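In: quick one, fold the following:
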Amino acid sequence: MKLKLLFVVVIFLAIVTIIAVNKQSSPEETLTESDKVLFSATGAYIYPVLPGTKEWIDLGSLEKRIEACKVPDEILASMSTPALVETVITYPFFSALYSFDKIEWGLESLNKKFGGLQELLKRKDAYECTLDMINKICPGYYEIDNSDWNIVEPILKEKNKTNYGLIELKNADWIIRIINLQITADGNRSYSIYIMTPASSMVSAVQGYTYNEHFIHFYDVDDVNLYYVNKHPSAFLIDNGTAAYNCHSYAWYNQSTSNNIWIDYNQYSTNDVRLFMTDGSYIQKSGPAPGRIAVYKNSAGEPTHSARVVYQNQFNNLIYVTSKWHAYGLFYHELTDCEYYDNDTNITYWEINPDYVVITSINDSDT
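Out: The predicted model follows:
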């Protein structure tokens, strides 16, 4: 009798253990009823709203879109590595990683919104699983020569073993390069020059950056710009942009689309974009107004983005700016609806010092 009772207890404990293990290994079970979402056949997280959809637009703000795509850390931790790779490369805000001028800023922005990449980098098989996903999306990706990128699109359409395309391929490639530490904050400088602020301070800059020096294949620029427009409903693409100039150069130096000067923030030197704000060329103002420059700063006070204010809606008080997004397009967008804003972003406004405004006189002979 005691043996039978012991046998029953052992069987009961075994069943309880199996149930507990199954619950722990199933990401769906860790969600509350109100947070239930779908998971793909591979166990990857399917985001409830996606850029470009009516539901995405109806959310109304960047904060709500980020919140809608939030994946609980416990769900990420419980996923298999292949499912996690798929979840990371399809995260709607993953592009923050490569939208900033410095990779550190991109990582900071992405990690604030989403813990998926951090979780993936803990996995010992992250490299193999990401590489496997790349080969499913675009077989032979790393054997394609830069001069043969025109064959990528047919491969994506004909041999793709997933439903994913260029954006997901780009995201996965960034994961591989981060794992291999094949990244750099500033790219490879073509050559340095100096430009002058209105107050005649000398600012170090780079002339003639190329897409290759930014680790960008020129063929993917159109796709990324379109993705930006879908992700940020207020954004309107003014120009496809070039790799030669960035947001700081556009806002502070030259608003022409033929601009070929890139102005960095340099943590090791002060003769960078900050000189425009510190040498008296510009005066800080308490709020926005057309013609002023908006500077986005991260929690460390570093100027991660600059934009030119062009319009302020008097009815809803929304502010619209134009700004260059890294080596991609030039956009007109609502101030907070961009890659560079989150709840911790501090935005300051700057107006040129009247002492340095160039006044063009009218020649009497021209009147």
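In: for residue 106, see how far away the residue most central in space within the chain is.
Out: In the chain, the C-alpha nearest the mean C-alpha coordinate belongs to residue 96, at 1.2 Å (Cα atoms, centre = their mean). Distance from residue 96 to residue 106, counting by Cβ to Cβ, to the nearest Å: 6 Å. Where C-beta positions appear, they are placed from N, C-alpha and C, glycine not excepted.
In: what does stretch 163-175 contact?
Out: With Cβ atoms under 8 Å, 6 or more residues apart in numbering as the test, stretch 163-175 has contacts from 85, 88-91, 94-95, 97-98, 117, 120, 126, 130, 133-134, 137-138, 141, 152-153, 156, 162, 220, 223-224, 227.
In: for PyMOL, write a command that selects the buried ones of those residues.
Out: This is how PyMOL selects the buried members of the contacts of stretch 163-175, with burial counted by 16 or more other Cβ atoms under 10 Å:
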select buried, resi 85+88+89+90+91+94+95+97+98+117+120+126+130+133+134+137+138+141+152+156+162+220+224+227
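In: can I get stretch 94-106 in CSV? Just the C-alpha atoms.
Out: Output of stretch 94-106 as CSV, limited to C-alpha atoms (Å, rounded to 0.1, in the frame of the first residue of the first chain):
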residue,chain,number,x,y,z
PHE,A,94,15.1,48.3,-35.2
SER,A,95,16.2,50.9,-37.8
ALA,A,96,17.1,53.3,-34.9
LEU,A,97,20.3,51.3,-34.7
TYR,A,98,21.6,52.6,-38.0
SER,A,99,19.8,55.9,-38.3
PHE,A,100,22.1,57.9,-36.0
ASP,A,101,25.5,59.3,-36.9
LYS,A,102,27.1,57.2,-34.2
ILE,A,103,26.4,53.6,-33.5
GLU,A,104,26.5,54.2,-29.8
TRP,A,105,23.5,56.5,-30.1
GLY,A,106,21.6,54.0,-32.2
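In: give me the mean pLDDT for that stretch.
Out: Per-residue pLDDT values across stretch 94-106 average out to 93.
In: what's the answer for stretch 342-351, then?
Out: Mean pLDDT, stretch 342-351: 91.
In: what strands line up against the helix or strand where residue 351 lies, and which way round?
Out: Assigned by DSSP states H and E, residue 351 belongs to strand 346-352. Paired with strand 346-352 in the same sheet, following DSSP bridges, are strand 282-285 (antiparallel), strand 293-297 (antiparallel).
In: which other residues reach the first one?
Out: Outside of strand 282-285, the residues within contact range by Cβ under 8 Å, 6+ apart are 198, 276, 277, 292, 293, 348, 349, 350, 351, 352, 353.
In: one more time with 6 Å
Out: For strand 282-285, the external contacting residues (Cβ atoms under 6 Å, 6 or more residues apart in numbering) are 276, 348, 349, 350, 351, 352, 353.
In: how about the residue nearest to the centre of the chain, phi and psi?
Out: Backbone torsions of residue 96, given as degrees, to the nearest 10, read phi -60, psi -30.
In: isn't it right next to residue 110, touching?
Out: Yes - using Cβ atoms under 6 Å, residue 96 makes contact with residue 110 at a distance of 4.7 Å.
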